[in-house]
Structure formats: C-alpha cells, structure tokens
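K.L.:
generate a structure from the sequence data that follows.
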Amino acid sequence: MLKKPILMAALTLMGLSLVTSCGQKGAAGPKGGALGSDAAAATYVAPGEYDEFYAFVSGGFSGQISVYGLPSGRLFKVIPVFSVDPEKGYGFNEETKPLLNTSFGFVPWDDSHHPELSQTNGETDGRWVFINGNNTPRIARIDLTTFETAEIIEIPNSGGNHSSPFTTENTEYVVAGTRFGVPFPQKDVSIDSYAEEFKGALTYISVDKESGNMDVAFQVLLPAFNYDLAHSGKGKSHGWTFFTSYNTELKNTLLEVNASQNDKDFIAAVNWKKAEEYIKQGKFKEMPARYADNEYDESTHSAKSTMKDKVKVLIPEECPGLVYFLPTPKSPHGVDVDPTGEYIVGNGKLSADMSVHSFDKVLKAIENQAFETTIDGVPVLKYEEILAGVVQKPGLGPLHTEFDGKGNAYTTFFISSEVVKWKLGTWEIIDRAPMLLLCRPPDDPRRRLQKTRRKIPGGVEQNHQRPLPAYRAGADAVGPVV
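P.N.:
You can find the predicted model right below:
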C-alpha cells in the first residue's frame with residue numbers, strides 16, 4: 001500500500017505526447033520557446049516533489065509497462081512483464097524465468113494492453129495493476145509495493161485476449177474474453193466448421209483479497225463471436241459484466257466484409273453473481289484445459305511455475321439467467337458504464353449513431369421476458385425495450401467513452417479523428433475537439449491504425465469527483481491510489 005495519497009493513471013496507448021509551445025507568439029520569458037513558456041512551467045515538478053498523476057503505460061509489442069509522472073513526463077521505471085529485460089536480468093536469470101512459462105513452453109514476448117488498477121468499493125486502491133498479454137493469452141499482476149511483476153496466469157480456451165483485464169468493483173474478478181473462437185474442447189477441426197465446432201469462452205479470474213493470487217474461477221461458454229472489450233458494472237449494476245462482440249455472423253474468411261453484415265451485434269451481459277450460485281450448486285462441467293500459473297515469491301526472490309489441467313465451465317443452456325445478449329449497432333468496440341451503473345454505452349465502430357442501454361430497462365426486459373430470440377441458450381433482449389437513448393451523428397468510428405461524474409460523457413472517434421463531449425440523459429452534443437490519428441493509405445499492405453485514447457482521472461470509479469487535468473493524454477483507466 002502506498003502511504004502518500006497520490007493520483008495514478010493506468011494508460012494504454014501507442015504513444016503518449018504532452019505538447020508544449022515551441023517559439024509561438026505569447027511565450028513567456030525572454031527566451032520564448034518551450035523552456036520559457038507557461039505551458040512548460042506548468043509541467044515542471046521539482047526534484048523530490050510528487051507528480052499529480054502517475055501513468056502506467058502499456059508497451060504494446062514490447063510486452064512491458066512504463067511508469068511516467070504527469071505532468072512532468074518523467075520516466076520512473078520500465079516494469080518487465082511479458083518480455084525479457086537485459087537491464088534487470090528479467091527472464092534471463094533463474095529467479096524470473098518461470099514467470100514466462102506457458103503451456104507452449106517459454107514465451108518471452110507478447111502484446112500488452114489495458115493496464116487496470118485494482119479497486120475497492122468501486123474506487124482504485126493502489127494495490128495492484130493488471131495487464132494482458134494479447135497473443136499468448138495471459139494476464140499479469142504487478143505488485144505496487146514493489147513495482148514488479150508478481151504473477152502471470154495463462155488463459156485456457158482463448159484465441160486472443162484483447163477484452164481484458166477489466167476488474168469488478170471490489171477486484172473479486174479480473175475478466176477476459178476470447179477475441180476469436182477456438183474448438184471447444186481443443187481438437188483438430190477444419191476452419192470451415194467454425195460456426196459449428198468453435199466456441200467463445202469468457203473467463204473470470206478470481207483475485208485473493210489479501211495476497212492477490214489469481215486463479216481461473218470459471219469460464220462461460222458462448223457462441224464463437226469475436227469478443228472485443230469489456231467493463232463490469234458498478235453501483236446498481238454491480239454483479240454484472242458487459243462484453244462487446246462482433247462477427248455474430250460466425251464467419252471465418254474475409255472478415256472485413258463477411259463479419260460486418262448484421263445491422264446489430266451484441267453486448268453479452270453476464271450475471272456473475274448468479275454464476276457464483278451455479279458454481280456452488282455444482283452446475284458446472286469440469287473440462288480439461290492445460291495452462292500455466294506463474295508466481296514470484298518476494299520472500300525467496302524466486303518464481304515458480306505450476307501447470308494446471310482443468311477448468312470449471314458454465315453452459316448457458318444449463319444455467320438460465322446467466323447471460324443475456326443486448327443488441328447493439330454495429331460492430332461495437334468499447335463498452336463503458338457510467339459512474340451510476342445505469343447507462344451502458346455501446347461504441348459501435350460502424351454505426352452512424354451511438355446506442356446507450358439502460359440497466360433498469362435491461363432488468364425489466366428480463367423480468368417481462370422481452371426476448372427477440374434465443375441463441376445457444378442465451379436470450380436476446382429486444383433492442384427497443386432496453387434502449388435509454390441514442391446519440392445521433394456524434395462522429396464516425398466511436399471507440400471508447402469516459403465520464404466526468406457531472407453527467408457528461410466523452411467519446412473518441414477514429415475515423416473523424418475527434419473527441420466528442422455529450423450529455424447523459426439528453427444525448428445532446430456539447431463540444432468536440434480534434435485528435436491525432438496515424439494511418440497508412442487503405443491500399444498499403446502495412447496499413448495499421450494508431451488510436452489516440454483519452455482518459456479522465458477517476459473516470460473508472462463509481463464515486464467520481466475528480467477534477468479534469470489541463471493536459472490531454474491517451475488512456476484506458478485512471479484512478480487514485482492511497
């Protein structure tokens with residue numbers, strides 16, 4: 001536990017930039033330029049002083065986490081996680097090699113995303129930071145008393161691990177959805193049988209309240225949609241997790257076209273409190289699944305790897321009330337829950353408008369059995385019955401939405417390259433600001449989109465009352481640590 005109250009930011013992005021003036025008109029001081037400007041002075045933090053924020057920035061293909069002070073921009077540490085680090089001996093010495101063990105052997109690299117701070121009562125608490133490994137599906141836990149990797153657990157039955165590692169309100173669980181379906185149980189089958197033989201597993205990883213040790217508590221078996229991102233409920237929606245999905249067409253070729261045919265895809269709403277009830281009642285299937293759980297012991301300064309061989313699986317057909325599909329236009333990327341827990345924002349990448357669901361209406365639709373259909377035992381709720389409102393024509397390509405605790409929401413748009421501010425409840429557009437996107441031409445085979453994300457300090461929290469910073473930064477999760 002960090003002793004001095006400070007505000008921390010856990011950021012995931014391709015690059016972080018703090019822009020100051022460079023000789024522009026009005027620069028302070030005789031020299032002008034960045035060093036003489038008011039903007040530069042505002043970022044200065046004297047040696048020995050604390051920054052206002054501490055940003056945990058994912059390294060992407062470096063597989064690591066960097067820790068920066070904001071607004072100073074000082075780099076304090078690069079924490080090795082999924083990749084070897086010669087400077088620190090991480091992954092080279094015998095003490096840390098076991099942390100990089102997997103069911104596929106020693107894997108010393110990964111694509112790290114989405115640092116997520118642990119929470120208590122819906123507020124970040126500064127105990128741990130979690131981060132995912134996207135390629136060889138893993139989740140790591142970094143101990144914030146040491147700023148070192150304490151544990152890495154492999155996720156079985158997963159093909160890509162983008163929709164993680166999002167925590168529940170008291171860090172009961174860290175969740176992870178598979179990006180692509182896999183044969184379930186694992187076996188050799190033709191890709192042409194994707195719709196029939198493949199499944200999508202949503203994984204709930206329990207976190208011990210005292211030690212932080214992680215374990216795969218259970219998996220929920222769903223159709224082989226592409227599960228993209230997730231967030232758990234807060235306040236009134238505590239006990240639920242919401243996962244976006246696309247490719248509800250269940251296609252396996254030319255996904256840019258074939259997986260974009262349906263007008264609406266789904267947000268999967270999982271009632272994990274009910275899942276716990278089913279687990280206690282023994283209504284699960286224990287299925288073979290080989291995966292590694294690697295832990296570092298600070299007392300012995302050495303790590304050990306334990307290979308596990310089974311997992312508890314809940315099947316919706318056998319567990320009514322466990323999961324519901326919320327129709328959401330179209331190919332939703334992020335799913336974000338406002339601080340009250342009432343509004344669930346589906347950021348449909350290919351939709352001209354943004355749909356916002358009401359949690360109260362979701363519960364009412366379930367009570368009234370307002371279902372459009374059922375897919376593999378999962379009821380599909382009627383879109384009109386759960387809709388809170390629509391933000392009309394806010395921009396093109398919505399990705400992520402954050403909240404300021406004052407009834408305002410902020411959404412990034414990757415096609416129209418902007419951040420848009422809008423009002424919860426009235427759905428009106430209030431303001432917009434341009435943001436940077438770097439793209440190659442559409443016909444360039446190396447084309448890769450780099451998304452600038454933004455984050456509001458404390459925006460992940462249930463009781464958000466934190467001021468907005470004067471600077472902008474791309475981010476995935478922000479909160480206080482005490």
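K.L.:
what number of residues lie near A150?
P.N.:
Residue neighbour count, defined by other CB atoms under 10 Å, stands at 23 for A150. All C-beta spots, glycine's among them, are computed from the backbone N, C-alpha and C.
K.L.:
should've said G60
P.N.:
Taking other CB under 10 Å as the neighbour definition, G60 ends up with a count of 17.
K.L.:
kindly report the same for A269.
P.N.:
Other residues lying near A269 total 25 when counted by other CB under 10 Å.
K.L.:
over to the one 3 residues further on?
P.N.:
Residues lying near W272 (other CB under 10 Å) number 26.
K.L.:
enumerate every residue touching it.
P.N.:
When the contact criterion is CB atoms under 8 Å, 6 or more residues apart in numbering, the partners of W272 are 168, 173, 204, 232, 239-241.
K.L.:
how much space between it and G233?
P.N.:
According to CB to CB, to the nearest Å, W272 stands 9 Å off from G233.
K.L.:
how about F130?
P.N.:
Per CB to CB, F130 is found 18 Å from G233.
K.L.:
which one of those two is surrounded by more residues?
P.N.:
F130 (27 against 24).
K.L.:
can you list the contacts of W272 in TSV and add pLDDT, secondary structure and neighbour count?
P.N.:
Below are the contacts of W272 laid out as TSV (pLDDT from 0 to 100; DSSP: H, G, I helix; E, B strand; the rest coil; neighbours: other CB atoms under 10 Å):
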residue	pLDDT	secondary structure	neighbour count
T168	97	coil	23
Y173	98	strand	24
Y204	98	strand	24
S232	97	strand	25
G239	97	coil	18
W240	98	strand	24
T241	98	strand	28
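K.L.:
ok, back up a step: which neighbours do W272 and G233 have in common?
P.N.:
Contact criterion CB under 8 Å, 6+ apart; residues shared by W272 and G233: 239-241.
K.L.:
hang on, F166 packs against V175?
P.N.:
Yes: counting by CB atoms under 8 Å, F166 does reach V175; the two are 5.3 Å apart.
K.L.:
overlap of the contact sets of the two?
P.N.:
The overlap between the contact sets of F166 and V175 (CB under 8 Å, 6+ apart) consists of 230, 232, 241.
K.L.:
which one of the residues you listed is nearest P398?
P.N.:
Taking CB to CB as the measure, P398 lies nearest A230 of the shared contacts of F166 and V175, at 16.5 Å.
K.L.:
residues in contact with the helix or strand encompassing that closest one?
P.N.:
Secondary structure from DSSP states H and E places A230 in strand 226-232. Applying CB under 8 Å, 6+ apart, the external contacts of strand 226-232 come out as 162-164, 166-169, 173, 175-181, 200, 202, 238, 240-247, 259, 268, 272, 332-337.
K.L.:
show me where this protein has its helices.
P.N.:
Per DSSP state H, the chain has helices spanning 33-36, 38-43, 194-197, 255-258, 272-280, 359-367, 383-386. These are given in chain order.
K.L.:
a markdown table for those, including distance to G395?
P.N.:
Putting the helices of the chain into a markdown table (distance: least, CB to CB, whole Å) gives the following:
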| stretch | distance to G395 |
| --- | --- |
| helix 33-36 | 31 |
| helix 38-43 | 27 |
| helix 194-197 | 33 |
| helix 255-258 | 21 |
| helix 272-280 | 33 |
| helix 359-367 | 25 |
| helix 383-386 | 22 |
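K.L.:
picking up where we left off before, next one: the strand holding A230 to chain centre, how far?
P.N.:
Here the centre of mass of C-alpha atoms in strand 226-232, compared against the chain's by CA atoms, centre = their mean, to the nearest Å, lies 7 Å away.
K.L.:
quick one: it to helix 272-280, angle?
P.N.:
Following axes from the mean of the first three to the mean of the last three CA atoms, to 10 degrees, one obtains 100 degrees for the angle between strand 226-232 and helix 272-280.
K.L.:
Provide the strand pairings for strand 226-232, with the direction of each partner.
P.N.:
Next to strand 226-232 in the sheet, as set by DSSP bridges, lie strand 240-246 (antiparallel).
K.L.:
quick check: angle from the partner strand to helix 359-367?
P.N.:
Interaxial angle of strand 240-246 relative to helix 359-367 (the same axes, to 10 degrees): 90 degrees.
K.L.:
so what touches strand 240-246?
P.N.:
Defining contact as CB under 8 Å, 6+ apart, one finds that strand 240-246 is touched by 163, 166, 168, 173, 175, 177, 200, 202, 225-233, 259-260, 265-273, 326, 328, 331-335, 337, 344, 346-347, 359.
K.L.:
tell me the contacts of the nearest residue to A269 once chain neighbours are set aside?
P.N.:
Nearest-residue entry for A269: Y324, 4.8 Å, with adjacent residues in sequence omitted and distances by CB to CB, 6 or more residues apart in numbering. Taking CB under 8 Å, 6+ apart as the contact definition, Y324 lies against 268-269, 362, 366, 378-381.
K.L.:
can you list the shared contacts of W272 and G233 in TSV and add distance to G48?
P.N.:
Conversion of these to TSV gives the following (distance: CB to CB, whole Å):
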residue	distance to G48
G239	44
W240	45
T241	42
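K.L.:
between these, which is nearest S355?
P.N.:
Distances from the shared contacts of W272 and G233 to S355 were compared by CB to CB; the smallest belongs to W240, at 17.6 Å.
K.L.:
from I267, how far off is the closest one?
P.N.:
To I267, W240 is 11 Å away according to CB to CB.
K.L.:
same question for I205.
P.N.:
Separation of I205 from I267 (CB to CB): 21 Å.
K.L.:
next one: E367
P.N.:
19 Å.
K.L.:
these two - which one has more neighbours?
P.N.:
For the pair E367 and I267, the greater number of neighbours falls to I267 (25 against 8), based on other CB under 10 Å.
K.L.:
from V380, how far out is the more buried one?
P.N.:
With distances taken as CB to CB, I267 is found 11 Å from V380.
K.L.:
okay, and the common contacts of these two?
P.N.:
Where contact means CB under 8 Å, 6+ apart, the residues bridging I267 and V380 through contact with each are F325.
K.L.:
before we move on, the earlier item: of the contacts of strand 240-246, grab the buried ones for PyMOL.
P.N.:
Selecting just the buried residues from the contacts of strand 240-246 in PyMOL takes one command, with 16 or more other CB atoms under 10 Å as the test:
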select buried, resi 163+166+168+173+175+177+200+202+225+226+227+228+229+230+231+232+233+259+260+265+266+267+268+269+270+271+272+326+328+331+332+333+334+335+337+344+346+347+359
